[in-house]
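Novice: sequence and predicted structure, then a few things I'm wondering about:
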Amino acid sequence: MTVESTAARTPRRASSGGKRASASAKKTASPGKGAAKGKGAAQGGEPELVQLLTPEGERVENSEYDRYVADLTPEDLRALYRDMVLTRRFDAEAVTLQRQGELGLWPSLLGQEAAQVGSGRATHADDYVFPTYREHGVAWCKGVDPTLLLGMFRGVNNGGWDPNTNGFHLYTIVIGAQTLHATGYAMGMAKDGADSAVVAYFGDGATSQGDVAESFTFSAVYNAPVVFFCQNNQWAISEPTEKQSRVPLYQRAQGYGFPGVRVDGNDVLACLAVTKWALERARGGEGPALIEAFTYRMGAHTTSDDPTRYRRDEEREAWEAKDPILRLRAYLAAQGHADEGFFAELEAESETLGKRVRDVVRAMPDPEPMSIFENIYADGHALVDEERAQFAAYQASFADAPANAAAGGEVK
Ligand SMILES: Cc1ncc(C[n+]2csc(CCOP(=O)(O)OP(=O)(O)O)c2C)c(N)n1
Ligand SMILES: [Mg+2]
């Protein structure tokens with residue numbers, strides 16, 4: 001059973017999936033070693049899906065991608081599980097904080113933990129990531145303190161972390177824009193002769209943006225070391241993927257002249273393996289690749305959204321059966337790689353993280369109002385100066401403004 005073949009919504013082409021380890025030795029389909037692969041699928045064949053762990057937690061052999069996860073120890077597997085559990089806990093805490101009025105908005109990653117942790121853990125420390133606004137799991141893998149992600153959503157800063165500290169760019173709300181930033185950055189890296197690469201994250205909806213098309217063109221022509229990691233979570237707010245493309249998204253790459261691969265986005269091992277593959281070839285000078293992580297946004301688009309208005313419960317339920325965390329847990333347990341003590345300890349760690357997140361958010365100081373004009377232009381700008389002066393005058397017009405309060409609240 002594969003992610004795609006169990007999708008409950010509108011009819012899709014069935015996926016080829018992979019073979020169980022115990023089944024026949026027939027080679028598992030996986031595209032990607034050359035731009036021409038996947039061509040048959042684009043012409044009406046079935047989309048191919050790289051999967052190493054079934055939803056039931058059984059390991060699937062894959063002759064092309066097994067080698068990228070062959071050296072994982074039981075400790076490494078437990079670490080991947082821990083990453084996903086703590087990321088989910090952090091995310092759930094943020095949703096709750098928004099409901100309590102502590103955050104203005106939150107885009108939940110629920111269901112996308114494997115796509116983010118698998119790809120995030122494939123990066124090296126000197127690889128640079130350009131996220132959208134939902135990559136909390138990638139931020140975790142890059143070592144960004146999760147509480148820093150919350151400032152912008154509380155409205156107390158415009159970003160909250162220094163991108164260069166961890167190689168994790170600020171969140172980008174303008175859909176698709178970061179793919180161009182990533183491409184330019186990757187071109188610069190190549191010119192510098194750096195032995196590193198860039199990962200650009202974006203959603204299925206973003207693939208309809210001109211910015212994404214332009215970044216595909218530029219990165220292909222300049223052979224930029226960038227991996228395009230598209231999390232196809234099936235929805236762009238209320239628009240289903242069918243409204244974005246006539247062909248499976250990974251097949252778009254073919255037209256630009258670089259390989260595209262569809263991976264089971266709820267399978268952390270497959271996401272790790274495929275992203276390692278793409279990063280290795282990018283670092284080795286072989287240019288860009290597109291990864292379509294086929295996954296599902298189990299929650300609302302953001303806390304401002306109500307998905308019951310446009311999608312059926314059955315769809316979500318079908319994807320719940322393919323939960324990325326449960327399948328790795330099943331695999332760990334079946335292999336004897338984790339005992340009850342491990343899971344209990346992780347639960348305790350998760351509680352501690354939740355409390356820390358709550359405490360840090362509630363203690364975040366309100367910003368100084370005039371600070372909104374900082375960090376806009378390096379050398380200043382006349383228009384910003386004018387707006388700053390206007391805003392200062394407006395602030396000073398309140399009865400409780402410091403100068404007026406000193407004069408008994410009399411507004412001059
Ligand atoms: C250029 C632009 N157009 C429209 C929007 C409004 N908008 C915010 S999120 C979103 C949907 C994005 O969907 P997708 O790319 O699939 O990412 P997902 O939210 O599903 O992770 C839209 C249209 C925007 N932020 N920027
Ligand atoms: Mg989407």
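Specialist: Noted; the coordinates are in hand. Ligands and ions are numbered 1, 2, ... in the order given.

Novice: spell out which residues of the stretch 151-300 of the chain are next to ligand 1.
Specialist: The stretch 151-300 of the chain comes close to ligand 1 at residues 173-175, 202-206, 233, 235-237, 297, as judged by Cβ under 6 Å from any ligand atom. Placement of C-beta: from N, CA and C, glycine included.

Novice: turn the residues you listed into CSV, columns for neighbour count, pLDDT and secondary structure.
Specialist: Putting these into CSV (neighbours: other Cβ atoms under 10 Å; pLDDT from 0 to 100; DSSP: H, G, I helix; E, B strand; the rest coil) gives the following:
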residue, neighbour count, pLDDT, secondary structure
173, 11, 97, coil
174, 11, 98, coil
175, 19, 98, coil
202, 27, 98, strand
203, 27, 98, strand
204, 25, 98, coil
205, 22, 98, helix
206, 24, 98, helix
233, 26, 98, coil
235, 24, 98, strand
236, 20, 98, strand
237, 14, 98, coil
297, 27, 98, coil
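
Novice: point me to the residue of the stretch 201-350 of the chain nearest ligand 1.
Specialist: Minimum separation of the stretch 201-350 of the chain from ligand 1 (Cβ to the nearest ligand atom) falls at residue 203, amounting to 2.3 Å.

Novice: what residues does that residue make contact with?
Specialist: Residues touching residue 203, when contacts are defined by Cβ atoms under 8 Å, 6 or more residues apart in numbering, comprise 132, 134, 175, 230, 231, 232, 233, 236.

Novice: stretch 47-61: which residues count as buried?
Specialist: The neighbour-count check on stretch 47-61 (16 or more other Cβ atoms under 10 Å) flags 47-55, 57-61 as buried.

Novice: please save the CA atoms from that stretch in CSV.
Specialist: C-alpha atoms of stretch 47-61 as CSV (Å, rounded to 0.1, in the frame of the first residue of the first chain):
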residue,chain,number,x,y,z
PRO,A,47,3.6,8.3,-11.1
GLU,A,48,6.5,6.6,-9.4
LEU,A,49,6.9,6.9,-5.6
VAL,A,50,10.0,6.2,-3.6
GLN,A,51,9.1,4.5,-0.4
LEU,A,52,11.4,2.7,2.1
LEU,A,53,8.9,2.3,5.0
THR,A,54,5.3,1.3,4.4
PRO,A,55,2.5,2.9,6.4
GLU,A,56,2.6,-0.3,8.5
GLY,A,57,6.2,0.3,9.3
GLU,A,58,7.7,-2.5,7.1
ARG,A,59,11.0,-1.8,5.3
VAL,A,60,10.8,-1.8,1.5
GLU,A,61,14.0,-2.5,-0.5
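
Novice: so what's the gap between that stretch and the chain middle?
Specialist: 20 Å (Cα atoms, centre = their mean, to the nearest Å).

Novice: next: stretch 193-205.
Specialist: Using Cα atoms, centre = their mean, the mean C-alpha position of stretch 193-205 is found 11 Å from that of the whole chain.

Novice: stretch 194-208: end-to-end distance?
Specialist: As for stretch 194-208, its first-to-last residue distance stands at 31 Å under the measure Cα to Cα, to the nearest Å.

Novice: in the sheet, who's paired with the residue in the chain positioned nearest to ligand 2?
Specialist: As assessed by Cβ to the ion, ligand 2 sits closest to residue 203 within the chain, at 3.6 Å. Note on residue 203: beta-bridge partners residue 231, judged by DSSP bridges.

Novice: for the protein, just list every one of the strands.
Specialist: 19-20, 60-61, 128-130, 198-203, 226-232, 235-236, 239-240, 260-264, 289-294 (DSSP state E).

Novice: leaving out the residues flanking it, which one is nearest to the closest residue to ligand 1 within the stretch 1-150 of the chain?
Specialist: In the stretch 1-150 of the chain, no residue comes nearer to ligand 1 than residue 134, which is 4.8 Å away by Cβ to the nearest ligand atom. Nearest non-adjacent residue to residue 134, counting by Cβ to Cβ, 6 or more residues apart in numbering: residue 107, 4.7 Å away.

Novice: count of residues packed around the one you found?
Specialist: Counted with other Cβ atoms under 10 Å, the neighbours of residue 107 add up to 24.

Novice: surely it meets residue 301?
Specialist: Yes - in this structure, residue 107 sits in contact with residue 301. The criterion is Cβ atoms under 8 Å, and the distance is 7.0 Å.

Novice: hang on, the earlier thing: enumerate every residue touching the residue nearest to residue 134.
Specialist: Applying Cβ under 8 Å, 6+ apart, we find residue 107 in contact with 133, 134, 301, 302, 303.

Novice: and if we set it to 10 Å?
Specialist: Under the criterion of Cβ atoms under 10 Å, 6 or more residues apart in numbering, the neighbours of residue 107 are 91, 94-95, 98, 132-136, 153, 171, 173, 297, 299-305.

Novice: still on that earlier bit, find residues that contact each of residue 107 and residue 301.
Specialist: Shared contacts of residue 107 and residue 301, defined by Cβ under 10 Å, 6+ apart, comprise residue 134.

Novice: give me every residue that touches residue 88.
Specialist: Residues in contact with residue 88, defined by Cβ under 10 Å, 6+ apart, are 108-113, 117, 136-137, 323-325, 350.

Novice: neighbour count and pLDDT added to these, as a markdown table?
Specialist: As requested, the contacts of residue 88 are arranged in a markdown table below (neighbours: other Cβ atoms under 10 Å; pLDDT from 0 to 100):
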| residue | neighbour count | pLDDT |
| --- | --- | --- |
| 108 | 22 | 98 |
| 109 | 25 | 98 |
| 110 | 17 | 98 |
| 111 | 26 | 98 |
| 112 | 30 | 98 |
| 113 | 31 | 98 |
| 117 | 30 | 99 |
| 136 | 25 | 98 |
| 137 | 28 | 98 |
| 323 | 21 | 98 |
| 324 | 29 | 98 |
| 325 | 18 | 98 |
| 350 | 18 | 98 |
